[in-house]
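Visitor: Dropping the sequence and predicted coords here.
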Amino acid sequence: MSVIPIFIILIVIIGGFLFFQNRWNLGRKFGYFLLGGYTLFLVITFVVYLFIPVDAFLDEDFPEDGETKDMFHSVVYNGVPIKEFAEFEKASWDFNVAEGESIWLTTEYYDFPVIIERVDDQEELKVTLYEMLPDVEPVELFGDQGEDGVVLQSNNLTIYSREPYYYELGQFEKEFPFTRFTAERAEIYMHALDILNFEKLYYIHLPEHVELLYSPDMYVEWLRN
Amino acid sequence: MSLNRVNASDIVKKQFQYKLKAYVGVFTSLVVVQIIALIFSYGGTGGGFSSSNGIDVRYQTYTVDNVIVLTSLWALIHAIILTTKKDWQHAFPFVGNSWTNNLSNILLLLFASIIAAVLTVLSAFAIRVIIFHFVNEDLFRSYTFFLTAENILSGWYVLTFHFFFICAIGYFLGTVSRIHPMLPILVPVIMIGLLIVFEQIHQGFMIEIATFYYEETNPALFFVKMVTTSTILFAVSVFISNRTEVRT
């Protein structure tokens, strides 16, 4: 908000207040009554504040460092089987692919990590979407937000992604004068993504007889057996 | 002629008590200013937008800055008003002189600063409660939401001296303005002009001054800096006031 409207509103309120104070001849008692009433209001809010639970905050749900689920890192670098993350499976798509075919992998709208695992006992190409959403509900937006989907057409395997989830969050800044003499300083940068703990990835079970091609710009990791 | 001997401290005490009643408008306007500041704080004082693949986050930052800024403005204006001729003449129902009048004014400003600091610190909780219960946003950081006892004490301590310091500046400017009828117009112009000139001569001058006072991390040194500067400003004001005192 600009400074000028603030001062205009300030002048209007103070001017109006002084006008009515003179018109109704509000005296000294009213002044102290107002001060007392305001102080009482602040004291009541302080008491209410004391009852605000700590676990009402998002960062309280966020696990300590090293304890995050971090699907992509766990699967690709730590060898954790993707089955361990079955609870985050959102959707899957199966496609019949003829032997010896080459498939070109592309994405539409947004890029997400893709993990590919070669499987020798499977004839179908299977794409699974894993999505780890934060506990907090996203804001519902007007209009079509699209949906996640995978389409195989003319040997092009295209991953479509829905519009990003939208969140509105608030934070308080604890700075001057509250932290003037202490080592703590207000952390006003966000870390929102850490707190929200959001992750979305596609996992492809690729039959032995199918060749998969993709642009080097894509974020693709192969699992080495 | 009265034969009663009245000492200065009694006069100052009586004048202070009288002014507490006479200048109730100081506290009334403090309440109005703080309510306005709380209303403005409801919309947040900053924020931003972060976007990553698959997730967009708009965040709003809430602070008590609006309350501090507007209350500082209130302190400056009331300190200036106390030095105006009309208000100056209010001080003479009692036996006294310019010295006792100034001292009772300074006591009133100190008292008002203490009250303002208490209310400003309490308003930090009011903002938190209002945002928590009435704004449809999830708050994602508990660390900056909750204030410790140390934070509260620090806030009250810093704000008391901050408002008193602002009062000293206002009192000084108001007193200087009384030297000549042209000065109420010239003083602000000269002050702003000097600040601009100093800033041009020595870049970062204003930041250095602000840093000197407000980046002090030692409570005792903060006290010394604030009280010493305020005392000098009040002393100069009293000196000027004594020299210009003409009561008609």
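Guide: Arrived safely, thanks for sending.
Visitor: okay, and for chain B, where does confidence drop off?
Guide: For chain B, the stretches flagged by pLDDT under 70 are B:1-6, B:53, B:85-96, B:245-248.
Visitor: Skipping adjacent residues, who's closest to the residue positioned nearest the centre of it in space?
Guide: Nearest to the centroid of the C-alpha atoms of chain B, with distances taken as CA atoms, centre = their mean, sits residue B:163, at 2.8 Å. Setting aside the residues directly before and after it, residue B:163 is nearest to residue B:113 in space (CB to CB, 6 or more residues apart in numbering or on different chains), at 3.8 Å. Heads up, the C-betas are built off the backbone N, CA and C, glycines and all.
Visitor: Direction included, what does the helix or strand harbouring residue A:115 pair up with?
Guide: Using DSSP states H and E, residue A:115 sits in strand A:114-119. Strands that pair with strand A:114-119, judged by DSSP bridges, come out as strand A:199-207 (parallel), strand A:220-222 (parallel).
Visitor: Can you redo those as JSON lines, where the extra columns are mean pLDDT and mean neighbour count?
Guide: Listed next are these as JSON lines, based on pLDDT from 0 to 100; neighbours: other CB atoms under 10 Å in any protein chain shown:
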{"stretch": "strand A:199-207", "mean pLDDT": "91", "mean neighbour count": "22"}
{"stretch": "strand A:220-222", "mean pLDDT": "89", "mean neighbour count": "15"}
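Visitor: what's the domain layout of chain A?
Guide: Using automatic domain parsing, the domain parsing of chain A gives A:3-52, A:60-222.
Visitor: out of those domains, nearest to residue B:57?
Guide: Closest of the domains of chain A to residue B:57 is domain A:60-222, at 4.6 Å (criterion: CB to CB).
Visitor: A helix includes residue B:226, no?
Guide: Yes - counting by DSSP: H, G, I helix; E, B strand; the rest coil, residue B:226 falls inside a helix.
Visitor: can you pull the contacts of it?
Guide: Residue B:226 makes contact with B:161, B:162, B:164, B:165, B:213, according to CB atoms under 8 Å, 6 or more residues apart in numbering or on different chains.
Visitor: which residue sits closest to residue B:158, ignoring its sequence neighbours?
Guide: residue A:177 (3.6 Å).
Visitor: Going along the chain, name the strands of chain B.
Guide: B:46-52, B:55-62, B:138-139 (DSSP state E).
Visitor: Make CSV out of those strands and add mean neighbour count.
Guide: What follows is the strands of chain B, written out as CSV (neighbours: other CB atoms under 10 Å in any protein chain shown):
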stretch, mean neighbour count
strand B:46-52, 13
strand B:55-62, 21
strand B:138-139, 22
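Visitor: would a markdown table of those with distance to residue B:76 be doable?
Guide: Supplementary listing: the strands of chain B in a markdown table, determined by distance: least, CB to CB, whole Å:
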| stretch | distance to residue B:76 |
| --- | --- |
| strand B:46-52 | 24 |
| strand B:55-62 | 25 |
| strand B:138-139 | 34 |
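Visitor: Let me have the ones you listed in CSV, adding distance to chain A as columns.
Guide: Shown next, in CSV, are the strands of chain B (distance: least, CB to the nearest CB, whole Å):
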stretch, distance to chain A
strand B:46-52, 6
strand B:55-62, 5
strand B:138-139, 5
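Visitor: so which of these gets nearest residue A:89?
Guide: That would be, of these and by CB to CB, strand B:55-62, which comes in at 18.9 Å.
Visitor: can I assume residue A:91 sits in a strand?
Guide: Yes - if the criterion is three-state DSSP, then residue A:91 is within a strand.
Visitor: Number of residues surrounding it?
Guide: 13 (other CB atoms under 10 Å in any protein chain shown).
Visitor: does it really touch residue A:130, like I thought?
Guide: No - Residue A:91 is beyond contact range of residue A:130, at 9.5 Å (criterion: CB atoms under 8 Å).
Visitor: Name the residues of the strand or helix carrying residue A:29 that are buried.
Guide: Under the criterion of DSSP H and E, residue A:29 resides in helix A:28-50. For helix A:28-50, a neighbour-count test (16 or more other CB atoms under 10 Å in any protein chain shown) marks A:31, A:34, A:35, A:38, A:39, A:41, A:42, A:45, A:46, A:48, A:49 as buried.
Visitor: ok, back up a step: so the residue nearest to the centre of chain B versus residue B:115, what's the distance?
Guide: 9 Å (CB to CB, to the nearest Å).
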